[in-house]
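Chemist: I'll drop the sequence and a predicted model, then ask my questions.
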Amino acid sequence: MTAKIREPVLLTGAGFTHNFGGFLADQMWARIFNHEQVQKRSSLVTLLKDNFDFESAYNEVMDGNSYTSEDQLAVNQAVKSAYDQLDETIRNCWGPACPISHQGMGSLLEAFASNGQGRGYIFTLNQDFLVERWHSGTNKILRTPGVGIQHLSPFTNNSNVPPYTVPQDITAEKAKYDNEYFSSLLYYVKLHGSMNWQTGDGRGVLVIGGDKPGQIYRQPLLQWYFELFKKVLSSPNRRLLVIGYGFRDTHVNEVIAQAIREDGLPVYVISPKSPRDFKRELLKDPNEDKKILWQGLAGYWDWALKDVCPANQSYFAEEVRKAIFQY
């Protein structure tokens with residue numbers, strides 16, 4: 001029998017990690033541009049000076065015919081270094097200096113977890129280890145389908161995270177997922193891969209740059225994840241909370257917009273932008289899906305995550321809890 005799906009669902013983007021000192025796009029560009037191996041390659045320096053979208057620059061180097069294997073190695077090393085720096089920042093956001101409550105964050109995450117009535121999901125576009133490091137694991141076990149449990153405790157401050165080779169045949173993994181007992185699990189689905197995932201030939205499983213749908217569908221694991229994302233959002237009575245995602249990925253917007261249009265999905269957003277600025281940014285492109293996204297907006301908080309899980313309390317904001325979980 002197919003497991004039911006819990007009504008509240010969380011989707012996070014880069015702004016979620018930014019609350020912990022994480023890097024936004026311009027900051028990632030600077031760290032890649034400054035990397036010593038990139039600085040040794042004039043072709044990469046020129047490319048990055050002309051293109052501040054580090055994702056499209058990375059994609060051009062890795063998939064184009066104008067760059068050498070040495071260029072590709074250099075930009076891979078630079079991207080890995082940037083993610084390592086990001087992970088170090090996350091590990092060090094701890095104690096009185098951190099504006100986020102660890103207990104409050106844990107409560108927020110676990111509120112989306114599975115229970116006896118259905119599977120619960122957190123989807124993310126992030127490739128960092130924020131949730132793996134900050135999930136306390138007190139009541140729920142963190143589970144990323146298809147790759148086993150990759151839970152990293154912040155108490156260990158373990159910076160040595162080995163690479164993980166993603167499976168190319170996921171038939172057995174799907175069967176395991178379909179048949180497992182789920183009520184003690186927090187399903188965490190990384191739609192764009194992870195900083196330590198790789199293919200059998202050592203290439204990173206990171207969906208960045210152009211043609212993101214094409215990148216997803218070249219990896220069976222990520223294709224499964226995206227199908228799962230569609231299935232969850234199109235299920236009856238879903239409520240989607242979005243934190244830190246700027247609605248710039250067309251393939252993600254299409255899924256959300258379709259669920260709004262066909263299934264009445266209500267969308268709740270937490271963003272530090274004013275509602276006026278959020279609407280202006282969302283609708284500046286003449287895109288029908290963006291219009292539907294605005295129509296589907298059911299709640300909006302112009303907050304940062306530190307306002308949802310402030311350091312001086314052990315639970316997340318009651319206003320969010322009542323709207324999303326309705327208790």
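Modeler: Yep, it's here.

Chemist: Three-state assignment for Tyr187, please.
Modeler: With DSSP: H, G, I helix; E, B strand; the rest coil as the basis, the three-state label of Tyr187 is strand.

Chemist: could you check the pLDDT of it?
Modeler: pLDDT recorded at Tyr187 is 93.

Chemist: quick one: contacts of stretch 277-293?
Modeler: Counting by Cβ atoms under 8 Å, 6 or more residues apart in numbering, the neighbours of stretch 277-293 from elsewhere in the structure are 246-247, 250, 253-254, 256-257, 260-261, 267, 269, 271, 273, 294, 300, 302. For glycine as for every other residue, the C-beta is placed from the backbone atoms N, C-alpha and C.

Chemist: what is the burial count for Lys4?
Modeler: Taking other Cβ atoms under 10 Å as the criterion, the count of residues near Lys4 is 15.

Chemist: show me what the residue nearest to it when sequence neighbours are not counted is bridged to.
Modeler: Beyond its immediate neighbours in the sequence, the residue positioned closest to Lys4 (Cβ to Cβ, 6 or more residues apart in numbering) is Gly118, lying 3.6 Å away. The partner list for Gly118 in beta bridges (DSSP bridges) reads Asn115.

Chemist: isn't Gly118 right up against Thr2?
Modeler: No - the criterion here is Cβ atoms under 8 Å, and Gly118 misses it with Thr2 at 10.3 Å.

Chemist: those two: which has the busier surroundings?
Modeler: Comparing Gly118 with Thr2 by neighbour count (other Cβ under 10 Å), the higher total belongs to Gly118, at 15 against 6.

Chemist: the stretch 201-327 of the chain: strands as residue ranges?
Modeler: Along the stretch 201-327 of the chain, the segments classed as strands by DSSP state E, counting those that start in this stretch run 204-206, 239-243, 267-270, 297-301.

Chemist: distance to Thr144 added to those strands, as CSV?
Modeler: Formatted as CSV, these follow (distance: least, Cβ to Cβ, whole Å):
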stretch, distance to Thr144
strand 204-206, 12
strand 239-243, 19
strand 267-270, 23
strand 297-301, 28
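
Chemist: can you give me the helices for the stretch 201-327 of the chain?
Modeler: Secondary structure of the stretch 201-327 of the chain (DSSP state H, counting those that start in this stretch): helices at 212-217, 220-234, 250-263, 275-282, 288-295, 305-308, 318-325.

Chemist: now do the last one: distance to the chain's middle.
Modeler: It refers to helix 318-325. Its chain's C-alpha centre lies 22 Å from the corresponding centre of helix 318-325 when counted by Cα atoms, centre = their mean, to the nearest Å.

Chemist: out of the contacts of stretch 277-293, which are buried?
Modeler: Burial by neighbour count, 16 or more other Cβ atoms under 10 Å: within the contacts of stretch 277-293 this picks out Gly246, Phe247, Asn253, Glu254, Ile256, Ala257, Ile260, Val267, Val269, Ser271, Lys273, Tyr300.

Chemist: what's near enough to touch the third one?
Modeler: It stands for Asn253. With contact set as Cβ under 8 Å, 6+ apart, Asn253 has these partners: Phe247, Asn287, Asp289, Lys290, Leu293.

Chemist: surely Met62 meets Gln72?
Modeler: Yes - contact criterion Cβ under 8 Å: Met62 and Gln72 qualify, at 5.8 Å.

Chemist: shared neighbours of these two, anything?
Modeler: Between them, Met62 and Gln72 share no contacting residue under Cβ under 8 Å, 6+ apart.

Chemist: low pLDDT regions in the stretch 1-150 of the chain?
Modeler: Scanning the stretch 1-150 of the chain for pLDDT under 70 picks out 1, 136-138, 148-150.

Chemist: select the longest helix from this protein.
Modeler: Of all the elements of type helix in the chain, the one with the most residues (DSSP state H) is helix 69-92.

Chemist: now do that one: everything it contacts.
Modeler: Contacts with helix 69-92, where a contact means Cβ under 8 Å, 6+ apart, come from 17, 20-23, 28, 31-32, 35, 37-38, 40-41, 43-44, 57-58, 61-62, 127-130, 133-134, 154, 157, 159, 161, 195, 204, 206, 208.

Chemist: which of the residues you listed are buried?
Modeler: The neighbour-count criterion (16+ other Cβ under 10 Å) marks 17, 20-23, 28, 31-32, 35, 37-38, 41, 44, 57-58, 61-62, 127-130, 133-134, 154, 161, 195, 204, 206, 208 among the contacts of helix 69-92 as buried.
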